[in-house]
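>>> Please find the sequence and the predicted model below.
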Number of protein chains: 2
Amino acid sequence: MDKDILTLENQLCFAVYSASHAFTRAYKPLLADLGLTYPQYLVMLVLWERRSATVGEIGAALSLDSGTLSPLLKRLETAGLVRRERSREDERQVTVHLTAEGAAARSKAEKVMAGIAERVGCSLDEMVALRENLNSLRKHLEG
Amino acid sequence: MDKDILTLENQLCFAVYSASHAFTRAYKPLLADLGLTYPQYLVMLVLWERRSATVGEIGAALSLDSGTLSPLLKRLETAGLVRRERSREDERQVTVHLTAEGAAARSKAEKVMAGIAERVGCSLDEMVALRENLNSLRKHLEG
DNA sequence: CATAATTATATTGCGCGCAATATAGTTTCG
DNA sequence: CGAAACTATATTGCGCGCAATATAATTATG
């Protein structure tokens, strides 16, 4: 059916779009306990893995540019979770470090996020399969 | 592994989040030919199906509230694609109508969007399955 | 029938997301 | 070495997305 090309419910992109917003809405009250927005939480996930990272490394990990990250990182710094400093080897780069408070927030996040897996309503295997399908989709869209 | 709970690559929500942004980025140059942003395109999809709809109906279809839709619809009106008018039966409601130009934009959109299905790199059956999984996920997150 | 409760939309404010531009530091190359 | 090309981050501006609030119209209730 040719006219179905533009029919809303057939649009895969809308399914991704609305699922993404549903995730953000579901996470919001949990993250509010940590004083984090969802994008800020993503940045903290990167730092909890690496302890520190440059702005560019965070941007590469999350596909976000400095226009998004610069003000976001300032807010995390104001909140006391990270510290930013120009690296001495290459003064163009800014390295973002976890503070003690930022590092400590991880165990709090683990407690808060512990129950989220049950909210998605599918098995762990289904979650993994869905994640892989989405990552494959993203790579094709980018390629 | 307990520490994997917060590991970025295991996060289904990040896969959804980044796939959504990848979709928006892929659509952007195509929609630019129509003078539309992605959320504006979603509103046009609703109107191309119904010819006219109230602000509330559009919001229900897209899970968007008046804080998002009111200014967006004003921009569509300024662009000449829609016309907004208070309904006479219930003056609280605003009905959004397609203009002739807005209705005509549909065939242009069909041409511009025709090739997008190949960009996602999977079969139509896989697209349908992925869409259904995402819709199921969204419902669980909302419920 | 008056008033309270509800409903539909609009406005304000803030945090993304990203394009375009600016600034400053580094590398390359004649 | 010195100018040009390049790189990393910051800033500005605009359009969402959404919470909180405001306004005006409708419905419910005493």
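All right, it came through fine. Numbers count the residues shown, from 1 in each chain, chains lettered A, B, ... in the order given.

>>> C-alpha only now, for contacts and for neighbours.
OK.

>>> Now do the helix or strand bottoming out on mean pLDDT in chain A: distance to the chain's middle.
Lowest on mean pLDDT, DSSP states H and E among the helices and strands of chain A sits helix A:116-119, with a mean of 84. Between the centre of helix A:116-119 and the centre of its chain there are 17 Å (C-alpha atoms, centre = their mean, to the nearest Å).

>>> For that helix, buried residues please.
Neighbour-count burial for helix A:116-119, counted by 16 or more other C-alpha atoms under 10 Å in any protein chain shown, picks out A:Arg119.

>>> got any ranges where chain A has weak pLDDT?
Where chain A drops to pLDDT under 70, the residues are A:1-5, A:9.

>>> Considering it, which helix comprises the largest number of residues?
Looking across chain A with DSSP state H, the single longest helix is helix A:12-32.

>>> Tell me which residues are up against it.
Residues from elsewhere that reach helix A:12-32 (C-alpha atoms under 8 Å, 6 or more residues apart in numbering or on different chains): A:8, A:37-38, A:41, A:109, A:112-113, B:13, B:16-17, B:19-20, B:23, B:42, B:62-63, B:127-128, B:130-131, B:134-135, B:137-138, B:141-142.

>>> Now narrow the residues you listed to whatever sits close to DNA strand D.
Filtering the contacts of helix A:12-32 for proximity to DNA strand D (criterion: C-alpha under 7 Å from any atom of the strand) leaves B:Ser63.

>>> so of the contacts of helix A:12-32, which ones are in helices?
Of the contacts of helix A:12-32, the ones assigned to helices by DSSP H are A:38, A:41, A:109, A:112-113, B:13, B:16-17, B:19-20, B:23, B:42, B:62, B:127-128, B:130-131, B:134-135, B:137-138, B:141-142.

>>> near DNA strand C, from the residues you listed?
Okay, of the ones in helices among the contacts of helix A:12-32 touching DNA strand C (C-alpha under 7 Å from any atom of the strand), that's A:Tyr38.

>>> Thanks a lot, see you next time.
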